[in-house]
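Asker: sequence unknown, structure follows:
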């Protein structure tokens, strides 16, 4: 019973392509996030949704578009992929308040 | 916005010794400070957290201390074991709305 699951785990694609990453949580959490981890392991927040509503939108190129069809799902669509988009993308969720995040196992995106 | 600095970036200790990782934060309104452990190929996992109304918290071999005045907090791991080898991240936020992470510390436990 995976709490936060992401698909795919690995994604290799060519520059200019469009790709999507999917995330689902079965914890009943209201808030979900996308974080990007670069090659130096730095974790940076990209987006956050609370009950399907976008609440955090960091300085991210508009080629990245999140979508939350319901509070258990948060997807990330990336248009016109660039080499610099190569990273590990983590989905996370929380019930809010002072409870920590539960992270998925990540999607390693490689743009060639 | 919040900025979290973490040191050291790498730490190597002998098995059985203690390890200490330190973080500083910039936003005096931050009141929640979790620590995460990330093993190879996995997502970060919460290992301990502390709120601003508490100065210290302990869970078996792991403890976290917080100095609100100086705006720094630390992770202490005692009696280190090989399975403690991982990358550790500190983070800070107001509540848990938007966690800002430190740069990470790669901890290696030498047998």
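Answerer: Structure received. Fair warning: this is a prediction, and the values are worked out from it, not measured in the lab.
Asker: So stretch A:40-52, near chain B or not?
Answerer: Yes - using CB under 8 Å from any CB of the partner chain, stretch A:40-52 reaches chain B at A:40-45, A:48. (C-beta placed from N, C-alpha, C; glycine too.)
Asker: Of these, which is the most crowded?
Answerer: Using other CB atoms under 10 Å in any protein chain shown as the neighbour test, the residues of stretch A:40-52 next to chain B are led by residue A:48, with 25 neighbours.
Asker: lowest-confidence helix or strand of chain A?
Answerer: The helix or strand of chain A with the poorest confidence is strand A:53-57; it has a mean of 89 (mean pLDDT, DSSP states H and E).
Asker: Which elements pack onto it?
Answerer: strand A:43-50, strand A:64-70 (3 or more CB pairs under 8 Å, 6 or more residues apart in numbering or on different chains; DSSP states H and E).
Asker: re the thing from before, now, which of the residues of stretch A:40-52 next to chain B sits nearest residue B:2?
Answerer: Of all these, residue A:45 has the smallest distance to residue B:2: 10.5 Å, by CB to CB.
Asker: check contacts around the closest one.
Answerer: Shown in contact with residue A:45 (CB atoms under 8 Å, 6 or more residues apart in numbering or on different chains): A:33-35, A:56, A:58, B:98-100.
Asker: Just those residues: which are in strands?
Answerer: Members of those lying in strands (criterion: DSSP state E): A:33-35, A:56, B:100.
Asker: For those residues, give me TSV that also has distance to residue A:68.
Answerer: Formatted as TSV, the ones in strands among the contacts of residue A:45 follow (distance: CB to CB, whole Å):
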residue	distance to residue A:68
A:33	11
A:34	10
A:35	15
A:56	12
B:100	22
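Asker: ok so, going back, for the residues of stretch A:40-52 next to chain B, work out which two are farthest apart.
Answerer: Every pair of the residues of stretch A:40-52 next to chain B checked by CB to CB; the farthest is A:40 and A:48, at 22.8 Å.
Asker: quick one, what contacts residue 32?
Answerer: Looking at chain A here, since you left the chain open. A:23, A:25, A:48-49, A:68, A:71, A:74, A:91-93 are the contacts of residue A:32 under CB under 8 Å, 6+ apart.
Asker: Wait, chain B was what I had in mind.
Answerer: Per CB under 8 Å, 6+ apart, neighbours of residue B:32: A:98, B:49-52, B:92-96.
Asker: What separation is there between it and residue B:40?
Answerer: Taking CB to CB, to the nearest Å as the measure, residue B:32 falls 27 Å from residue B:40.
Asker: Same check on residue B:2?
Answerer: 28 Å.
Asker: Which one's more surrounded, the two?
Answerer: Taking other CB under 10 Å, residue B:2 and residue B:40 do not tie; residue B:2 has more neighbours (16 against 7).
Asker: That one and residue B:23 touch, don't they?
Answerer: No - Residue B:2 is beyond contact range of residue B:23, at 11.5 Å (criterion: CB atoms under 8 Å).
Asker: Need the overlap of contacts for those two.
Answerer: Common neighbours of residue B:2 and residue B:23 (CB under 8 Å, 6+ apart) are residue B:92.
Asker: what's the burial count for residue B:21?
Answerer: Neighbour tally, residue B:21, other CB under 10 Å: 23.
Asker: Now do the same for it: helix, strand or coil?
Answerer: Secondary structure, DSSP: H, G, I helix; E, B strand; the rest coil: residue B:21 is strand.
Asker: Fine by me, we can end here.
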